[in-house]
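Undergrad: Sequence and computational prediction follow.
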Amino acid sequence: MADDRTVALVTGATGVIGTAIANGLAATPGCEVVLLARDAERARQTVDDIRRESRNDAVRLVTADVSSRRSIEAAAALWQGPLHVL
């Protein structure tokens, strides 16, 4: 994504509260939203829904289990670019 975007990472994004937060962030001009979720299939559907509702294609998925240190370390190792909001 462009360097001038604010990048926000939302954990628990497939839940009701996480989805609402991700939707609000995605509706914010200049915001790229990264959903962090355990269930990749459910999260892909959530990403599609948020993209459609917010009209923001800068929504993506990182699959990880926040209860697993190994999973978080693997996701962090793959991360590229800035992170502004967690």
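TA: In hand now; what should we look at?
Undergrad: make it CA atoms for all contacts and neighbour counts henceforth
TA: Fine.
Undergrad: what comes into contact with the longest helix seen in the chain?
TA: Longest helix in the chain by number of residues (criterion: DSSP state H): helix 40-54. By CA atoms under 8 Å, 6 or more residues apart in numbering, the surrounding residues in contact with helix 40-54 are 13-14, 19, 22-23, 26-27, 35, 37, 56-61, 63.
Undergrad: since we're on the nearest residue to H84 once chain neighbours are set aside, how many residues are nearby?
TA: Computed as CA to CA, 6 or more residues apart in numbering, the closest residue to H84 that is not its neighbour in sequence is V7, at 5.3 Å. Around V7 sit 22 other residues, with neighbours defined as other CA atoms under 10 Å.
Undergrad: Please settle this for me: is V7 part of a helix?
TA: No: counting by DSSP: H, G, I helix; E, B strand; the rest coil, V7 is not found in a helix; it is strand.
Undergrad: Quick check: strands, which of the contacts of helix 40-54 are part of them?
TA: L35, A37, V59, R60, L61, T63 (DSSP state E).
Undergrad: Tell me the bridge partners for the last one.
TA: Just to be clear, that refers to T63. Beta bridges link T63 to A37, judged by DSSP bridges.
Undergrad: Can we start the residue count at 33 from this point?
TA: Noted, 33 is the first residue going forward, which turns the last one into T95.
Undergrad: Got phi/psi on V65?
TA: According to degrees, to the nearest 10, the main-chain angles of V65 amount to phi -120, psi 130.
Undergrad: For N88, grab the count of nearby residues.
TA: N88 has 19 nearby residues by other CA under 10 Å.
Undergrad: Surely it is in contact with A59?
TA: Yes: assessed by CA atoms under 8 Å, N88 is found in contact with A59 at 7.0 Å.
Undergrad: picking that back up, how about JSON lines for the ones in strands among the contacts of helix 72-86, with neighbour count, pLDDT and distance to R84 added?
TA: Shown next, in JSON lines, are these (neighbours: other CA atoms under 10 Å; pLDDT from 0 to 100; distance: CA to CA, whole Å):
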{"residue": "L67", "neighbour count": "25", "pLDDT": "97", "distance to R84": "15"}
{"residue": "A69", "neighbour count": "23", "pLDDT": "95", "distance to R84": "19"}
{"residue": "V91", "neighbour count": "24", "pLDDT": "98", "distance to R84": "10"}
{"residue": "R92", "neighbour count": "18", "pLDDT": "96", "distance to R84": "13"}
{"residue": "L93", "neighbour count": "18", "pLDDT": "96", "distance to R84": "15"}
{"residue": "T95", "neighbour count": "18", "pLDDT": "94", "distance to R84": "21"}
